[in-house]
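Colleague: Sharing a model prediction with you, sequence too.
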Amino acid sequence: MTIKIGVIGTGAIGADHTRRITQTLVGAEVIALTDVNADSAHKVKSDLGLNAEVYADGHELIANSGVDAVLVTCWGPAHEEFVVAAIKAGKYVFCEKPLATTAAGCRNIVEAEMAAGKKLVQVGFMRPYDSGYKLLKEAIDAGEIGAPLMIHAAHRNPTVPEQYITPMAIHDTLIHELDVFRWLLDDDYVSAQVVFPRKSKHAHDQVADPQIVMLETKKGIRIDVEIFVNCQYGYDIQCSVVGEEGIANLPEPQALTLRKNAQLGQSILTDWKDRFIAAYDVELQDFIDGVATQNLTGPNSWSGLAAAVSADACVKAQESGLIEPIEMPETPEFYR
Ligand SMILES: NC(=O)C1=CN([C@@H]2O[C@H](COP(=O)(O)OP(=O)(O)OC[C@H]3O[C@@H](n4cnc5c(N)ncnc54)[C@H](O)[C@@H]3O)[C@@H](O)[C@H]2O)C=CC1
Ligand SMILES: O=C1[C@H](O)[C@H](O)[C@@H](O)[C@H](O)[C@H]1O
């Protein structure tokens with residue numbers, strides 16, 4: 001059985017996910033597309049030679065009885081509306097991170113899914129599918145470094161567009177770390193603080209950049225994450241887990257080391273599409289397989305809510321300059 005997929009939002013990642021479903025993954029076909037910029041949807045259809053229909057909006061696409069599952073890859077503020085609509089239509093939905101830009105939005109999705117009585121949502125937290133993060137998790141779980149004590153991390157982008165503003169450093173960028181550290185450490189957060197170093201001249205007026213976020217977990221682990229979204233030199237994700245008996249570092253992406261003209265160097269990736277290409281493939285194949293077997297096993301709505309609860313506290317800490325508490329709700333039986 002081929003899973004028929006509808007895509008809401010055919011921008012950068014919507015087009016990339018449509019490409020991978022069409023050219024790389026197995027078991028699914030994109031038969032419906034929509035974007036508020038209709039030209040974008042038509043271009044993806046044409047570029048990939050899809051036998052697909054372009055819909056006026058996401059609700060029309062969801063209502064199409066031929067669509068088995070929905071990809072929500074539009075802007076973050078529009079996620080909640082379409083995820084809830086897909087759930088109410090009884091359709092599986094892969095929602096790119098963030099599930100919603102606030103915890104309140106995620107709670108609405110969780111309540112709709114629990115009312116539907118079936119786990120229909122996978123969230124696009126792809127780092128637990130990344131081979132490097134899986135090596136980190138294996139080392140920690142095997143006790144290779146002893147009990148983790150600290151994490152030093154960095155999330156660096158070369159540049160961001162004008163519409164990227166200060167809170168997005170949390171709910172659109174740091175949200176990856178907020179999710180993956182819970183999984184790596186099997187732990188939850190208790191507080192957050194945000195400090196602002198000297199501002200980069202490459203950062204536009206509406207974004208404080210760089211930022212340093214400091215988190216504390218229930219086990220007492222201290223985490224610092226540098227968010228630097230105008231670093232110019234590349235797309236650079238760093239994660240160093242310091243334990244009682246050793247340090248485990250996220251592997252650098254494979255790259256050629258070149259000795260030439262009295263120089264020694266490696267290239268650095270500049271785009272998230274390349275840095276996590278394999279993880280995106282694996283996460284979406286997992287989603288397709290989960291729909292086919294009616295059993296999703298990837299990051300679920302509760303993962304989205306937990307990350308959003310922490311993100312809300314980080315955004316508050318951006319504004320207050322204080323150490324803000326993070327109160328994580330108890331995980332319902334439905335999501336255990
Ligand atoms: N997992 C990851 O590593 C990444 C995740 N993302 C996430 O994917 C989502 C999209 O990001 P990008 O593709 O970079 O943005 P983008 O701006 O390139 O594409 C978003 C598209 O959504 C469309 N759109 C906005 N509102 C809509 C609506 N109500 N209905 C239909 N279409 C609508 C826009 O016209 C645009 O074409 C965001 O939530 C972002 O956080 C983005 C990049 C990487
Ligand atoms: O998910 C992503 C990418 O992974 C980038 O690292 C972030 O900075 C970007 O905002 C977000 O969409």
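Modeller: Arrived safely. Note that this is a predicted model, so its numbers are computed, not measured. Ligands and ions are numbered 1, 2, ... in the order given.

Colleague: Buried ones in the helix or strand hosting residue 302, by neighbour count?
Modeller: Using DSSP states H and E, residue 302 maps to helix 301-320. Neighbour-count burial for helix 301-320 flags 301-318 (criterion: 16 or more other C-beta atoms under 10 Å). Bear in mind the C-beta positions are built from the backbone N, C-alpha and C, glycine included.

Colleague: The residue in the stretch 1-150 of the chain that ligand 2 sits nearest to: neighbour count?
Modeller: Of all residues in the stretch 1-150 of the chain, residue 97 sits closest to ligand 2, at 6.1 Å by C-beta to the nearest ligand atom. By other C-beta atoms under 10 Å, 25 other residues sit near residue 97.

Colleague: before we move on, what about the one 3 residues further on?
Modeller: Other residues lying near residue 100 total 28 when counted by other C-beta under 10 Å.

Colleague: what sits against it?
Modeller: Neighbour list for residue 100: 76, 79-80, 83, 106, 108-109, 304, 308 [criterion: C-beta atoms under 8 Å, 6 or more residues apart in numbering].

Colleague: Kindly report the same for residue 204.
Modeller: With C-beta under 8 Å, 6+ apart, residue 204 has these contacts: residue 162.

Colleague: Helix or strand: which one has it?
Modeller: Residue-wise, residue 204 maps onto no helix or strand under DSSP H and E.

Colleague: Kindly report the same for residue 264.
Modeller: Using DSSP H and E, residue 264 falls in strand 263-266.

Colleague: What parts of the stretch 101-250 of the chain come near ligand 2?
Modeller: Residues of the stretch 101-250 of the chain lying close to ligand 2 (C-beta under 6 Å from any ligand atom) are 155, 157, 172-173, 176, 229.

Colleague: Swap in 5 Å and give it another go.
Modeller: Residues of the stretch 101-250 of the chain lying close to ligand 2 by C-beta under 5 Å from any ligand atom are 157, 172-173.

Colleague: ok, so of these, who is nearest residue 251?
Modeller: Proximity of those to residue 251 (C-beta to C-beta) peaks at residue 157, which lies at 19.8 Å.

Colleague: Need the pLDDT of that closest one.
Modeller: Residue 157 carries a pLDDT value of 98.

Colleague: what does residue 63 give?
Modeller: For residue 63, the model assigns a pLDDT of 98.

Colleague: give the contact list for the residue of the stretch 1-150 of the chain closest to ligand 2.
Modeller: 123-125, 172, 175-176, 179, 304, 307.
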